[in-house]
Structures are given as C-alpha cells and as structure tokens.
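Colleague: what's the 3D shape of this:
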Amino acid sequence: MMVYLKILLIVIAGIFSAFGNLYLKKFSIKSKNIFEGIISFDYELIIGLLFYFLNLLLFIIALKSVNVSKAYPILAATSFITTYYLANLFLGEKIEFIQIIGIGIILIGIIVLSSTVNQ
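Modeller: Numbering: from 1, shown residues only. All right, here's what the predicted structure looks like:
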C-alpha cells in the first residue's frame with residue numbers, strides 16, 4: 001500500500017477516535033457509572049468503544065509502513081482537531097479564537113510531518 005494511503009488511514013483513525021470521544025462524553029453525561037452502562041449495553045458506550053476499536057485497527061495497519069514517530073502525531077492532531085469541532089457541533093462546547101490559532105498551528109505541523117514521511 002502506498003504511504004499516502006497509510007496516512008489517509010491514520011487520518012481516518014483520528015476521526016474515528018474523535019467520534020469515540022464524542023460518544024463516550026455523551027454516555028458520561030447521562031450515566032451514573034460506567035458499570036451500569038456496560039451491564040445495560042448502553043448504545044452510546046458501545047458505539048464509542050467501537051469507534052476506538054476501528055481507530056486502533058486502522059492505526060495498526062498504517063504502522064506496517066509508517067514510522068510510529070511520524071504516524072502518532074498525525075493521529076493525535078487529527079483526533080484533537082476533529083474532537084474540537086464535534087464537541088462544538090454536538091455538545092455546544094465553545095471554541096475560542098486562541099484555540100483556532102492553535103488548530104492552525106497543528107494543521108501546519110501535520111503538513112510538515114506528512115511531507116517528510118518516507119517509509
């Protein structure tokens with residue numbers, strides 16, 4: 001598989017991680033404790049864990065040909081940025097101007113890291 005396809009897998013894995021965060025947050029808001037959710041097979045908990053599993057699966061596939069020192073920052077940054085937007089969109093969490101500047105800096109970092117991936 002081409003390296004850029006592996007980078008795409010990492011980005012998708014980061015997005016899955018962000019959706020996992022969103023569903024686990026929604027679960028935590030309504031649940032009294034995690035054990036209650038596990039016993040009752042709460043759909044938000046299950047969906048959140050499923051997104052985390054898919055995140056791990058795609059990331060493991062990508063690691064076959066991309067160095068972890070270059071792959072993980074892309075995964076973390078993608079997850080971080082996507083989580084900000086999902087939290088704003090679905091949970092009403094506010095994004096401040098300074099955070100937008102930080103997101104821009106993270107995007108520049110992803111571009112630099114992606115352009116130097118050669119394995």
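Colleague: contacts and neighbour counts: CA atoms only from here.
Modeller: Noted.
Colleague: what helix or strand is Leu45 on?
Modeller: helix 43-63 (DSSP states H and E).
Colleague: need the contact partners of the helix-or-strand element of the chain with minimal mean pLDDT.
Modeller: Ranked by mean pLDDT, DSSP states H and E, the weakest helix or strand in the chain is helix 34-39, scoring a mean of 72. Contacts with helix 34-39, where a contact means Cα atoms under 8 Å, 6 or more residues apart in numbering, come from Ser28, Ser31, Leu45.
Colleague: returning to that earlier point: for the helix holding Leu45, which outside residues touch it?
Modeller: Contacts for helix 43-63 (Cα under 8 Å, 6+ apart): 6-7, 9-10, 12-17, 19-24, 26-27, 37-38, 71.
Colleague: which among the residues you listed count as buried?
Modeller: 6-7, 9-10, 12-17, 19-24, 26-27, 37, 71 (16 or more other Cα atoms under 10 Å).
Colleague: in this protein, which segments are predicted with low confidence?
Modeller: In the predicted model, the chain carries pLDDT under 70 at residues 1, 37, 114-119.
Colleague: ok, longest helix in it?
Modeller: Ranked by number of residues, the top helix in the chain under DSSP state H is helix 3-30.
Colleague: before we move on, the earlier item: nearest to Asn67 among the contacts of helix 34-39?
Modeller: Set against Asn67, the nearest of the contacts of helix 34-39 by Cα to Cα is Leu45 (31.4 Å).
Colleague: count of residues packed around the closest one?
Modeller: Counted by other Cα atoms under 10 Å, the residues lying close to Leu45 total 21.
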